[in-house]
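Enquirer: Dropping the sequence and predicted coords here.
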Amino acid sequence: MIQIHPLLNKEKQQLARRYEKEKRALGLASMILSGIILLAFYFAGLSARLANGFVGRPVIWAFLTYVASLMTVWAILGLPLSFYGGYSHEHKWNFSNQTVKSWLLEKLKSFLVSLFIAYMLLGLLFWIMARFPRIWWLITGLAMAFVSVIFATLYPVLIMPIFNKYQPIDDQTLTGALERILAKGGLKSSGFFKEDMSRQTKKENAFLAGLGRTRRVILGDNLMNNMTVPEIESVIAHEVGHYQHKHIWKNIFLGTVEQIIIFWLLNLAMASVFPHFLSSTRWNLTVLPLFAIFASVFSGLFFGPLRLALSRRFESQADRYALENLKDQTAFITAMAGLADRNLSNAYPAWWVKILFYSHPPIGERLRTAEKFIRAESGISNP
């Protein structure tokens with residue numbers, strides 16, 4: 001029998017377990033459906049027809065048509081499940097604030113942004129394959145590191161405003177507290193912004209976004225309405241901990257190593273199954289659906305649990321940094337407990353669920369660790 005933390009609502013935690021189970025089933029269904037769509041796209045011959053289109057014209061036209069067609073087919077066939085998971089199911093649990101119209105509009109925006117990013121990334125991939133066929137896997141892995149840095153820098157100023165509005169926070173008490181916790185970590189922010197997250201959901205979030213001059217503090221309006229200033233400060237102190245421990249750069253480095261290994265495995269697998277792989281861009285386009293499936297399998301099978309375990313370790317380090325640098329350490333505990341109940345986060349998942357799905361330590365562990373830290377601190381100062 002699990003002993004629920006006294007700050008957690010037992011009924012909310014029962015609901016959280018049900019909600020998590022349903023979300024996990026929807027995620028699995030989405031993954032299976034994606035695989036079926038990719039396989040059908042390839043084995044129905046549509047992939048080959050599109051890849052070999054525009055004969056006599058530059059291959060760029062086949063590439064543009066192929067990517068747009070694949071993503072359109074994927075979006076249309078996946079729309080019913082996406083609608084249920086992102087709209088109906090969230091309304092069922094009283095999280096979503098969206099109308100059907102606003103949900104569809106946001107889905108369209110997401111599709112267009114994804115299409116643009118796909119053009120950029122796949123265009124880079126196919127160019128590298130054509131230019132450096134023997135070591136494409138190495139160069140692509142290294143190139144993705146630069147892409148990650150550029151994306152992290154530009155994301156808050158180019159992508160995020162497409163989906164939400166960001167207004168400067170005028171609460172001087174709040175911004176002053178956040179400025180102090182940032183300064184303590186040697187960080188500066190280009191601004192403190194409130195995100196109109198309530199247009200989409202009742203869930204809460206806050207984070208640091210961007211690198212260098214684009215770094216900014218983002219607070220969801222729901223979070224601002226439900227948390228005290230010390231609680232918000234504890235959340236941002238956690239985010240500062242990631243910067244202090246250089247987790248962003250570590251993730252980029254480790255992600256680069258992971259991608260190089262995955263691309264190397266893909267090179268071996270694709271060459272053994274398809275002798276014409278890398279012989280031309282049209283051939284590479286033809287087998288793209290199977291390339292994507294192999295990549296997902298290699299990524300999830302070989303690196304999924306390891307990636308999550310490392311992420312949980314990084315999150316624990318950020319928690320400890322926050323506790324070490326907060327005046328009101330109990331605010332961290334009340335903030336975590338409040339988030340767990342209001343967002344329906346399962347504080348005590350089964351061990352295998354944690355290993356396979358959790359990028360953060362479960363809230364129950366974080367509360368226990370925080371209380372242990374506070375008791376240790378108290379014991380040192382008051383023997």
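Expert: Received, thanks.

Enquirer: I'd like to know which elements the one helix or strand residue 180 maps to is packed against.
Expert: Using DSSP states H and E, residue 180 falls within helix 172-184. Judged by 3 or more C-beta pairs under 8 Å, 6 or more residues apart in numbering; DSSP states H and E, the packing partners of helix 172-184 are strand 192-195, helix 229-244. Where C-beta positions appear, they are placed from N, C-alpha and C, glycine not excepted.

Enquirer: same thing but 6 Å
Expert: helix 229-244 (3 or more C-beta pairs under 6 Å, 6 or more residues apart in numbering; DSSP states H and E).

Enquirer: what separates the helix it packs on from the chain centre, distance-wise?
Expert: Distance of helix 229-244 from its chain centroid, counting by C-alpha atoms, centre = their mean, to the nearest Å, is 19 Å.

Enquirer: Can you give me the buried ones in the very next helix or strand once past that helix?
Expert: Next helix or strand after helix 229-244 toward the C-terminus (DSSP H and E): helix 247-273. Within helix 247-273, the residues that count as buried by 16 or more other C-beta atoms under 10 Å are 247-248, 251-252, 255-256, 258-267, 269-270.

Enquirer: pLDDT on helix 247-273, on average?
Expert: Taken as a whole, helix 247-273 has a mean pLDDT of 95.

Enquirer: Which other helices and strands does the following helix or strand past that helix contact?
Expert: The helix or strand immediately downstream of helix 247-273 is helix 281-286, counting by DSSP H and E. Applying 3+ C-beta pairs under 6 Å, 6+ apart, one finds that helix 281-286 makes contact with helix 46-51, helix 100-131.

Enquirer: Downstream of the longest one, the next helix or strand is which one?
Expert: Which is helix 100-131. helix 136-154.

Enquirer: Give me the contacts around that following helix.
Expert: Contact with helix 136-154 is made by 125, 128-129, 132, 211, 214, 252, 256, 259-260, 263-264, 267, as judged by C-beta atoms under 6 Å, 6 or more residues apart in numbering.

Enquirer: In the residues you listed, find the pair that's most separated.
Expert: The span of the contacts of helix 136-154, defined through C-beta to C-beta, is set by 214 and 267 at 34.8 Å.

Enquirer: hang on, the earlier thing: how about the helix holding residue 180: buried residues?
Expert: Buried residues in helix 172-184, defined by neighbour count with 16+ other C-beta under 10 Å: 174, 175, 177, 178, 179, 181, 182.

Enquirer: any idea of the angle it forms with helix 229-244?
Expert: Orientation note: helix 172-184 sits at an angle of 30 degrees relative to helix 229-244 (axes from the mean of the first three to the mean of the last three C-alpha atoms, to 10 degrees).
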